[in-house]
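Colleague: can't give you the sequence, but here's the structure:
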């Protein structure tokens, strides 16, 4: 079964300095039909104005992934990390017992466009930790690149959950086949461009929830390159 979550149905918050779309209920946006999918709790697509951002705030017991699409994001946390996140990097912060961090547009002239993803952990009360990994752009071209998973390694971040997060960039006509397997669930989010999943058409910002589908086929359909996120979930 495939259920479609259309881009225009997402929650939207416009704060002047922040333009944010919420795939699932978040902050002032609440929809009891869209509270998350399996362990996937948040996909926020944020555009932050130059020099602006989120001041110091706390998190607990959540696996938080940030993926920059354009621009750069400055991160600072109570664990002592002070980093700048750019495209073709994955940032993972395991909030665990508690962490305070801030996120600001690192540029005073250009906006930053990024995705923030929250995944509920398999266990709570773990030690807070941070990881940031850069990968080569070609690693995601025409194929699925693992960004995060329970084992990590090979250029992927380690998360405390039975979930794998992939990214791929596809030219028109490129196809990816993936064996999801029995008892697994999938969530596919189109970052940009157009693609079909198991012959269901999706456009920028659309997503598809896959249940009782043992496999999926993704085909890029737009003349511009398509970029997708795919979650393999327990």
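Modeller: Cool, the structure landed. Model, not experiment: these values are computed from the prediction.

Colleague: Identify each buried residue in stretch 115-126, please.
Modeller: 115-121 (16 or more other CB atoms under 10 Å). For every residue, glycine as well, the C-beta is placed using N, CA and C.

Colleague: Equivalent analysis for stretch 18-25, please.
Modeller: So for stretch 18-25, counting by 16+ other CB under 10 Å, buried means 19-25.

Colleague: ok, back up a step: kindly reformat the buried residues of stretch 115-126 as TSV containing pLDDT and distance to residue 65.
Modeller: What follows is these, written out as TSV (pLDDT from 0 to 100; distance: CB to CB, whole Å):
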residue	pLDDT	distance to residue 65
115	98	8
116	98	7
117	98	4
118	98	8
119	98	7
120	98	12
121	98	12
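
Colleague: between the residues you listed, which is nearest residue 41?
Modeller: Within the buried residues of stretch 115-126, proximity to residue 41 (CB to CB) peaks at residue 118, which comes in at 4.5 Å.

Colleague: can you count the residues close to the closest residue to residue 226 other than its chain neighbours?
Modeller: Excluding its sequence neighbours, the residue lying closest to residue 226 (CB to CB, 6 or more residues apart in numbering) is residue 193, at 3.0 Å. For residue 193, the count of nearby residues is 21 (other CB atoms under 10 Å).

Colleague: for the one 10 residues further on, same thing?
Modeller: Counted with other CB under 10 Å, the neighbours of residue 203 add up to 16.

Colleague: coming back round to it: now, which of the buried residues of stretch 115-126 lie within strands?
Modeller: Among the buried residues of stretch 115-126, the residues falling in strands (DSSP state E) are 115-119.

Colleague: Same list (these) but as CSV, adding distance to residue 42.
Modeller: Putting those into CSV (distance: CB to CB, whole Å) gives the following:
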residue, distance to residue 42
115, 10
116, 7
117, 6
118, 4
119, 8
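
Colleague: which one of those residues is nearest residue 141?
Modeller: Among those, residue 115 lies closest to residue 141 (CB to CB), at 18.6 Å.
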